[in-house]
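K.L.:
give me a 3D structure for the following:
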Amino acid sequence: MKNIKVRILKEGCGDIQEPMEPEIGIAVDDQPCGCPDMAHYHNNNEGSMSRSQLMHMRGYVDQLMQMIQDQDNLPEWVEAKITLANDYIAKVKHYLEGEMARHQGMLENKSNK
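P.N.:
Purely as a prediction, here's the structure:
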């Protein structure tokens with residue numbers, strides 16, 4: 001990759017900076033997560049991002065539990081989305097449980113067979 005100089009004009013003062021190695025794009029640390037209800041930032045840790053998403057999902061689930069009553073007749077597509085979401089989260093939970101058990105020596109590691 002070529003060493004490209006970038007000219008950055010600072011607003012208001014007219015100063016020009018020329019960094020030797022420009023950053024292309026915006027770093028993950030520089031962007032808020034896009035959540036409309038929270039002003040927090042994510043780092044490059046996938047666990048942090050996943051935990052943040054799970055926290056938002058928890059809030060959505062709590063709200064949906066208040067909106068949906070046992071006797072409600074929901075459209076089939078709504079029922080299907082809820083079923084898929086439950087299935088996806090259950091699969092992740094069971095996978096992580098298996099990985100934790102494997103690391104603790106409670107399960108046979110397939111690669112050692």
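K.L.:
residue ranges with poor pLDDT in the protein?
P.N.:
1-44, 108-113 (pLDDT under 70).
K.L.:
what ranges do the strands span in it?
P.N.:
Under the criterion DSSP state E, the chain carries strands at the ranges 8-9, 16-17.
K.L.:
ok, Ile89 - how many residues close by?
P.N.:
Other residues lying near Ile89 total 13 when counted by other C-beta atoms under 10 Å. Every C-beta, even on glycine, is put in place using the N, C-alpha and C of the backbone.
K.L.:
quick one: it from Asn73, how far?
P.N.:
25 Å (C-beta to C-beta, to the nearest Å).
K.L.:
okay, domains of this protein per the record?
P.N.:
32-67, 73-113 (automatic domain parsing).
K.L.:
tell me which stretches of this structure form helices.
P.N.:
Under the criterion DSSP state H, the chain contains helices at 46-67, 76-103.
K.L.:
which helices and strands does the last one pack with?
P.N.:
It stands for helix 76-103. Here helix 76-103 touches no other helix or strand, going by 3 or more C-beta pairs under 8 Å, 6 or more residues apart in numbering; DSSP states H and E.
K.L.:
what angle do that helix and helix 46-67 make?
P.N.:
Here helix 76-103 runs at an angle of 140 degrees relative to helix 46-67 (axes from the mean of the first three to the mean of the last three C-alpha atoms, to 10 degrees).
K.L.:
buried stuff in helix 76-103?
P.N.:
Residues of helix 76-103 classed as buried: none (neighbour count, 16 or more other C-beta atoms under 10 Å).
K.L.:
again with the first one
P.N.:
Of the residues in helix 46-67, those with enough neighbours to count as buried (16+ other C-beta under 10 Å) are Ser52.
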